[in-house]
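Enquirer: after the sequence you'll find the predicted model.
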Amino acid sequence: MVAELGNFALILALCLALLQSVLPLVGAQTGSLRLMRTGRFLASGQFVFLAIAYGVLTWAFVVSDFSVRYLASHSALSQPLMYKITAVWGGHEGSLLLWVAILGAWGVAVARFSRSLPREMLARVLAVMGMVSVAFIAFTVFTSNPFDRIVPGPMDGRGMNPLLQDPGMILHPPLLYMGYVGTAVVFALAMAALMGGRLDAAWARWSRPWTIVAWVFLTLGIAMGSWWAYYELGWGGWWFWDPVENASFLPWLTATALLHSLAVTEKRGGFKVWTLMLAIITFALVVLAAFIVRSGVITSVHAFATDPDRGVFLLAMLAATLLGSLTLYAWRAPRVGLGGGFHWFSRESLLLANNVLLTVACVAVFIGTLYPLVLDAFGLGKISVGPPYFDAVFAPLMLPLLLLVGLGPTVMWKQSSPAEVVRQLRWVLLASVVAGGLWPLTMGAWRPLTALSLMLGSWIILTALLDIHKRLGSSRQPLTRRLRRVMRPSFVGMHLAHLGLAMVVIAIAMVNTYEVERDVRMEPGQTTSAAGFDFTLLRLEEVRGPNYDADQAVVAVTRDGRAVATLLPQRRYYDTQPQNPMHQASLHRAATRDVYVSLGERLVGDAWSFRLYYKPYMAWMWSGAILLALGGLLAACDKRYRLARRREREAAAKPGIGREVTAS
């Protein structure tokens, strides 16, 4: 009964998505207000049925209904309730159902919060989102149905992958999917602009909050995945340029470029056709990410599926996305116009350089990710493109970009004076050079690239502080009034995000240069040292978890004779998969370093292998990612978007005002 109800809800959602992709579009073309209004009701109905399907699958996991094939493969009676619920998205079929449910939620949000859009524009946006829903729901129903049954069902299931039985599983996939699916809204807004021939400052103002929110979720999802891998996998890494990691990073790069391009479109009416292209590319890269993760073309701890039929479906979806959107772009983009001109030294020119560098970086990562897959697909051999390639091509592109991040907010729109900017920033530049040069010495060794990275991180921080000081000015108004006047959410959000980026850059430079890793053999009572810390193995003990047994080491960490922490790394043997032991590292975190111990295999007698890590400034990386996201949220909440929507809604209510004029 559970499976039948879930299937029925999915099919109804698919039918409503089909109607949503057609009726509002017909209404926009014919001027039928009744048909245009159907988009909101169809989007809401679609979400209701997707939520029912998702709720039904979740309930099946809670009650352990092993007659559902997907559940029997990803849950077990001994599995804790928390991990039964997260197991809903622990495999391909369930995670895809979560994806389409989130897509439905985004559709409802657009219908609810975009009423200030012209009726024709909103109808087209909802129609395009309906088309996207049709593709993904059809993919779920026909190739990845989570409600397929086993008759008779087994008495117990195989359990979720032990690697996924971690609190990181609660947040990482939902956050990442919220970001992925949010790009569909941006794509729909771009397609609606092309269909209607309207792309102006108002369109950019409508699009920018949606883009920022999607970017925030994508940022948090990527950061959460990196943090999870850092402490869970036991090898101390936070980014390995794995193809699945790259698959999420590619749309993040283009979405970042899109955010800055939209700023130019909103403020100066420029970069119009380029902004549209970035919106198309970002969503296409999301579909590509789904293909990489779900087609079986790569083997990775992050990948889901190994069925090539699913890969064919996703390739067809990607081809349809690119063919349809680029055809419309080629037909309508010339009528949109290029926008106004600008001086070679202006904020527009710097944002253009920002976009070029981000796009080239995206191309470099794209080539390094797909080149081995293409060679393998055509039988031209197997090669591996790893960190050396990405470090060699990515870092040189990021260094000038970081310089622009600090320089951009100090340069005026349309035209600025290079001499005046140099005069304002000369002391900041000097302070950044001094900070970058001296900071590495506190770590005991000086490296040129590290010093340059720290200089650029300091440059971003100091230019942000200078810009805030300039905005506050020296007027005689009370400070609180000046703060209210100047510290708008968009302004604070921009500088918070840039500060977060600076912290991430500093952390990467520090950890890549000064991290220490040691593989050691230890017996109870033995002490070894790494990076000035002493690690003493006190004892080994056996512990029982909710659904696993574990060997647990008790390791005392001291420095200069003072106790720092007692770490408890484990080697776990899960009830359902005891043949695949999992490493659970133990960390002690501080503001400027992490101490990290991972328990390896038992050797001879009472000896065990251990891996010891010293990781400087890792807390800065995670704090920087949070600041990036917080800055984005503040920018999206700027009241000027709400005031603009209110004015547009009032204007639309007046007779003869608010209807869009389609370009001929």
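Expert: Received the coordinates, thanks.
Enquirer: low-confidence regions, the stretch 351-500 of the chain specifically.
Expert: Within the stretch 351-500 of the chain, the ranges that satisfy pLDDT under 70 run 474-477, 479, 482, 485-486.
Enquirer: and the residue positioned nearest the centre of the chain, what is it in contact with?
Expert: Nearest residue to the geometric centre of the chain (C-alpha atoms, centre = their mean): Leu218, 2.2 Å. Listed by C-beta atoms under 8 Å, 6 or more residues apart in numbering, the contact set of Leu218 reads Leu176, Gly179, Tyr180, Gly182, Thr183, Ser248, Pro251, Trp252, Ala255. Glycine gets a C-beta too; all of them are placed from N, C-alpha and C.
Enquirer: what pLDDT does it get?
Expert: Looking at Leu218, its pLDDT reads 96.
Enquirer: before we move on, what about the one 3 residues further on?
Expert: Note for Gly221: predicted pLDDT of 95.
Enquirer: can you tell me the helix or strand for the closest residue to it other than its chain neighbours?
Expert: Spatial nearest neighbour of Gly221, excluding adjacent residues (C-beta to C-beta, 6 or more residues apart in numbering): Leu176 at 3.0 Å. Leu176 belongs to helix 168-196 when assigned by DSSP states H and E.
Enquirer: buried stuff in that helix?
Expert: For helix 168-196, burial by neighbour count (16 or more other C-beta atoms under 10 Å) applies to 168-169, 171-196.
Enquirer: any idea how far it is from the chain center?
Expert: How far helix 168-196 lies from its chain's middle: 10 Å, per C-alpha atoms, centre = their mean, to the nearest Å.
Enquirer: what do you get for stretch 372-379?
Expert: Put simply, stretch 372-379 sits 27 Å off its chain's centre (C-alpha atoms, centre = their mean).
Enquirer: lowest-confidence helix or strand of this structure?
Expert: Every helix and strand of the chain was ranked by mean pLDDT, DSSP states H and E. The lowest is helix 639-653, at a mean of 57.
Enquirer: count the residues that sit near Gly561.
Expert: Around Gly561 there are 6 other residues, counting by other C-beta atoms under 10 Å.
Enquirer: what residues of the helix or strand harbouring Leu220 count as buried?
Expert: When elements are assigned from DSSP H and E, Leu220 belongs to helix 201-232. Residues 202-232 are the ones in helix 201-232 that count as buried (16+ other C-beta under 10 Å).
Enquirer: with stretch 409-425 instead?
Expert: Within stretch 409-425, the residues scored as buried using 16+ other C-beta under 10 Å are Pro409, Thr410, Val411, Trp413, Ser416, Gln424, Leu425.
Enquirer: just stretch 536-543 next, same as before
Expert: Residues of stretch 536-543 classed as buried: Thr536, Leu537, Leu540 (neighbour count, 16+ other C-beta under 10 Å).
Enquirer: and Met522, how many neighbours?
Expert: Number of residues near Met522 (other C-beta under 10 Å) recorded here: 23.
Enquirer: what's near enough to touch it?
Expert: Per C-beta under 8 Å, 6+ apart, neighbours of Met522: Thr528, Phe535, Leu537, Ala607, Trp608, Phe610.
Enquirer: what about the first one, which SS state?
Expert: Same thing as Thr528. For Thr528, the assignment made with DSSP: H, G, I helix; E, B strand; the rest coil gives strand.
Enquirer: what of the third one?
Expert: Under three-state DSSP, Leu537 falls in the strand class.
Enquirer: could you measure from it over to Arg521?
Expert: Computed as C-beta to C-beta, to the nearest Å, the Leu537 to Arg521 distance reads 10 Å.
Enquirer: residues shared between the contacts of those two?
Expert: Trp608, Phe610.
Enquirer: before we move on, the earlier item: most widely separated two among the contacts of Met522?
Expert: Across the contacts of Met522, no pair lies farther apart than Phe535 and Ala607, at 14.5 Å, counting by C-beta to C-beta.
Enquirer: more neighbours: which of these two?
Expert: Per other C-beta under 10 Å, whichever of Phe535 and Ala607 has more neighbours is Phe535, with 22 against 14.
Enquirer: wait, that one touches Val597, no?
Expert: Yes. At 6.7 Å, Phe535 counts as touching Val597 under the criterion of C-beta atoms under 8 Å.
Enquirer: shared neighbours, these two?
Expert: Shared contacts of Phe535 and Val597 (C-beta under 8 Å, 6+ apart): Val555, Val557, Phe610, Leu612.
Enquirer: give me the element the second one is part of.
Expert: In this structure, Val557 is located in strand 548-559 according to DSSP H and E.
Enquirer: now do that strand: everything it contacts.
Expert: Outside strand 548-559, the residues that reach it (C-beta under 8 Å, 6+ apart) are 162, 532-544, 563-575, 578, 584, 586, 588, 595, 597, 599, 602, 608, 610.
Enquirer: with adjacent residues omitted, what lies nearest to Gly341?
Expert: Nearest to Gly341 is Gly270, by C-beta to C-beta, 6+ apart, at 7.9 Å.
Enquirer: residue contacts, Val411?
Expert: Contact partners of Val411, counting by C-beta under 8 Å, 6+ apart, are Phe345, Ser346, Arg347, Leu350, Val421.
Enquirer: give me the pLDDT value at the closest residue to Arg544 other than its chain neighbours.
Expert: Nearest residue to Arg544, sequence neighbours excluded (C-beta to C-beta, 6+ apart): Ala550, at 7.6 Å. For Ala550, the pLDDT comes out at 94.
Enquirer: for stretch 159-179, C-alpha coordinates in CSV please.
Expert: Provided in CSV are the C-alpha atoms of stretch 159-179 (Å, rounded to 0.1, in the frame of the first residue of the first chain):
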residue,chain,number,x,y,z
GLY,A,159,21.7,-1.1,6.0
MET,A,160,23.0,2.2,4.8
ASN,A,161,26.6,2.6,3.7
PRO,A,162,28.5,3.0,7.0
LEU,A,163,30.4,6.0,5.6
LEU,A,164,27.0,7.8,5.4
GLN,A,165,26.0,7.1,9.0
ASP,A,166,27.3,10.5,10.2
PRO,A,167,25.7,13.8,11.2
GLY,A,168,27.1,15.3,8.1
MET,A,169,24.6,13.3,6.1
ILE,A,170,21.8,15.2,7.7
LEU,A,171,22.8,18.6,6.2
HIS,A,172,25.1,18.1,3.2
PRO,A,173,22.8,16.6,0.6
PRO,A,174,19.7,18.8,1.4
LEU,A,175,21.9,22.0,1.4
LEU,A,176,23.6,21.0,-1.8
TYR,A,177,20.3,20.1,-3.6
MET,A,178,18.8,23.4,-2.4
GLY,A,179,21.6,25.1,-4.3
